[in-house]
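Trainee: next comes the sequence, and after it the predicted model I'd like to discuss.
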Amino acid sequence: MKKFIYSLLFGTSALLMASCMEVDNFDAPDCHFYGKVIDSTTGEGIVSDRGDCHIRIWEMSYKVNPGSQDLVIKEDGTFNNTKLFSGTYDMVPEGSWWPADTIRVGIGKKATQNFEVTPYLKLFDFQTKLVGTTLTMSCRLDAPVKEGLPQIMEVRPFLSLNSFCGASNCISYYNSSTFKINVMKNWDKIDKAEDGKSITFTTVDLPVKPGYTYFVRMGAKVKDKFEKFNYTEIVKIEVPNE
């Protein structure tokens, strides 16, 4: 009887091991999908920071209610993914812009798709001033679409030690409330210059280290679902040795 039980257990274990060793006959995802998120006000790629914004996609080929995944948008607005399965996808760009429509795209071996979005805010007249080891920055704001614009929350500086600079890539020391400019106003309550755009927002003094090279910019965000930043361009600041 014991021999029979041992034989049965051994046989069951062997079958389980054999099933685990079966070759997976599904092809690995190898479809190439790429494109750009375009700023409707310039016709160029949206200005962002890598990791801030994304293309949210749902593979609709096999499930009624599929889970989502995100494709990272780079700092120049481009995205590039070589590990998708072929199929039909719903997708929408999500970030620091007015909500975009969800579209359906068929992806084969290689596919491209551009998205056009309108940013909540445009930051311009970006200026930097370095005096010794003290840096200040300033910029102004404009809103391409003013009606219904969510409340503007803050304007703030970003400093990085490499060319990637923004909310996802910055020196955490400058994240404190000391350095950001709290706004918390709707567009119609913002102080305006004669051209109807915002007055200048200027940071408090930002201490920097002698001999260091910084990459800096400013950002502003509104109170929406994502609370992501619109940005100025990036400027390189070289601090002389004392």
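Mentor: Received, thanks. Numbers count the residues shown, from 1 in each chain.

Trainee: rest of the way, CA atoms for contacts and neighbours
Mentor: Noted.

Trainee: P99 versus P93, what's the distance?
Mentor: Counting by CA to CA, to the nearest Å, the gap from P93 to P99 is 8 Å.

Trainee: check contacts around the residue nearest to T102 when sequence neighbours are not counted.
Mentor: Leaving aside its sequence neighbours, T102 sits nearest to V92 (CA to CA, 6 or more residues apart in numbering; 4.7 Å). For V92, the contact set (CA atoms under 8 Å, 6 or more residues apart in numbering) comprises I55, R56, I57, A100, D101, T102, I103.

Trainee: any low-confidence regions in the protein?
Mentor: Counting by pLDDT under 70, the low-confidence segments of the chain come to 1-27.

Trainee: now the helices for it?
Mentor: 2-20 (DSSP state H).

Trainee: got the domain boundaries for it?
Mentor: Annotated domains of the chain cover 31-117, 122-238 [automatic domain parsing].

Trainee: how close does the residue nearest to T102 get to K83?
Mentor: Distance, V92 to K83, by CA to CA: 18 Å.

Trainee: P93 and P99: who's more crowded?
Mentor: Higher neighbour count among P93 and P99: P93, with 25 against 16, using other CA atoms under 10 Å.

Trainee: got a list of what that one touches?
Mentor: Neighbouring residues of P93 by CA under 8 Å, 6+ apart: V37, C53, H54, I55, R56, A100, F115.

Trainee: bridging residues for it?
Mentor: As for beta bridges, P93 partners with I55 under DSSP bridges.

Trainee: same question for T213.
Mentor: Note on T213: beta-bridge partners by DSSP bridges are E238.

Trainee: T88 too?
Mentor: Beta-bridge partners for T88, by DSSP bridges, are G106.

Trainee: ok, now how distant is it from S68?
Mentor: To S68, T88 is 13 Å away according to CA to CA.

Trainee: find residues that contact each of these two.
Mentor: Common neighbours of T88 and S68 (CA under 8 Å, 6+ apart) are E59.

Trainee: neighbour-wise, which of the two wins?
Mentor: Remark: of T88 and S68, T88 carries more neighbours, 17 against 11, as counted by other CA under 10 Å.

Trainee: from what I see, the more buried one and A111 are in contact.
Mentor: No. In this structure, T88 is not within contact of A111 by CA atoms under 8 Å, at 11.5 Å.

Trainee: and the closest residue in space to M153 that isn't next to it in sequence, how many neighbours does it have?
Mentor: Counting by CA to CA, 6+ apart, M184 is the residue found nearest to M153 once chain neighbours are left out, at 4.4 Å. Neighbourhood size, M184 [other CA under 10 Å]: 16.

Trainee: how about the contacts made by M184?
Mentor: Counting by CA under 8 Å, 6+ apart, M184 touches Q151, I152, M153, E154.

Trainee: next: Q69.
Mentor: By CA under 8 Å, 6+ apart, Q69 lies in contact with R56, I57, W58.
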